[in-house]
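Chemist: Sequence unavailable; structure follows:
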């Protein structure tokens, strides 16, 4: 157990916000595998305040585990109004997370996301104003800096802590790095031990060993898992067990992965409709068999050959018939280095 403000969390694995993936249905699916907390896809303050359709797509959900709403914008007053409005729409939002990390050009060119890290004072004012408008914890997600010449995460952390942030998530790459290159764990050694609020660490966490190593190096309270969990839901179970006991369950069988793949499709179809679920599963379903020997052809078919539920079942039946009892390797085991 650990605390995020006044919120008690039973688990040190947090499901990261990922646009196009972490819908309410996906989050609840992953929660059953060991996510101690989840964060929604990022949503703009303007969408919350001006777009009624945003209410059902991003704000109306029934979480199985504490879930934070991730907001992005740049004006402290507007961000605070959006946070307050979101809590009125859905009082089950457990915390508000401020996006100070998104490196997408369409976000940063508006002076939002990771571009805000150029002004630590403004980052702090956004958090401070939101804190004054809601009665739930307020967190922020940041990067090391905008690029290698402006690695100022410590200045931003100081501003956020002074403004009352209840926790800070840190992706150990710069915005310029996007999601490639080696994450710089060498820059965050012992950081969590120096902070007044919990640190949640992310970056290349693809295995239970990666999770443990990330916590050991950084002194963080929890890890945030993003791409590593796509198509690998049991990875969260392995990480959660490993962080609690030092051991973790064996990898699931391919047959189990197939079952979970179909289950996720049905959840997304009910949530989004069959056609949107098909489009989304074309990028997710191949990853359910990515750790299997000799499964390249099945990955191709799952990426290109899903037209409806029946076509998905047909491909998955072929996978099960050929390799259903084999073990599927969930962990990439890329290794975190200092």
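Modeler: Perfect, thanks for sending it. Note that this is a predicted model, so its numbers are computed, not measured. Residues are numbered from 1 along each chain as shown.

Chemist: all helices of this structure, in order?
Modeler: Under the criterion DSSP state H, helices of the chain are mapped to 24-31, 45-50, 53-54, 76-89, 105-108, 120-131, 153-162, 191-194, 208-218, 234-245, 254-272, 274-288, 296-304, 309-323.

Chemist: Tabulate these in TSV, adding columns for mean neighbour count, mean pLDDT and distance to residue 69.
Modeler: Every C-beta, even on glycine, is put in place using the N, C-alpha and C of the backbone. Output for those, formatted as TSV (neighbours: other Cβ atoms under 10 Å; pLDDT from 0 to 100; distance: least, Cβ to Cβ, whole Å):
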stretch	mean neighbour count	mean pLDDT	distance to residue 69
helix 24-31	22	96	11
helix 45-50	18	93	9
helix 53-54	14	80	11
helix 76-89	20	96	5
helix 105-108	14	92	17
helix 120-131	22	98	11
helix 153-162	20	98	17
helix 191-194	16	96	24
helix 208-218	21	96	25
helix 234-245	21	96	21
helix 254-272	19	95	17
helix 274-288	19	95	21
helix 296-304	16	90	31
helix 309-323	16	92	31
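
Chemist: Redo those as a markdown table? Include distance to residue 141.
Modeler: Below are those laid out as a markdown table (distance: least, Cβ to Cβ, whole Å):
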| stretch | distance to residue 141 |
| --- | --- |
| helix 24-31 | 16 |
| helix 45-50 | 15 |
| helix 53-54 | 20 |
| helix 76-89 | 14 |
| helix 105-108 | 13 |
| helix 120-131 | 11 |
| helix 153-162 | 10 |
| helix 191-194 | 15 |
| helix 208-218 | 15 |
| helix 234-245 | 19 |
| helix 254-272 | 24 |
| helix 274-288 | 23 |
| helix 296-304 | 30 |
| helix 309-323 | 33 |
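
Chemist: nearest to residue 173, of the ones you listed?
Modeler: Residue 173 lies closest, by Cβ to Cβ, to one member of those: helix 153-162, at 10.7 Å.

Chemist: which secondary structure elements does the closest one contact?
Modeler: helix 120-131, strand 138-143, strand 167-171 (3 or more Cβ pairs under 8 Å, 6 or more residues apart in numbering; DSSP states H and E).

Chemist: Contacts for the longest one next, please.
Modeler: If I follow you right, that is helix 120-131. 71, 73-74, 76-77, 79-80, 83, 96, 98, 100, 116-117, 138, 140, 142, 152, 155-156, 158-160, 162-165 (Cβ atoms under 8 Å, 6 or more residues apart in numbering).
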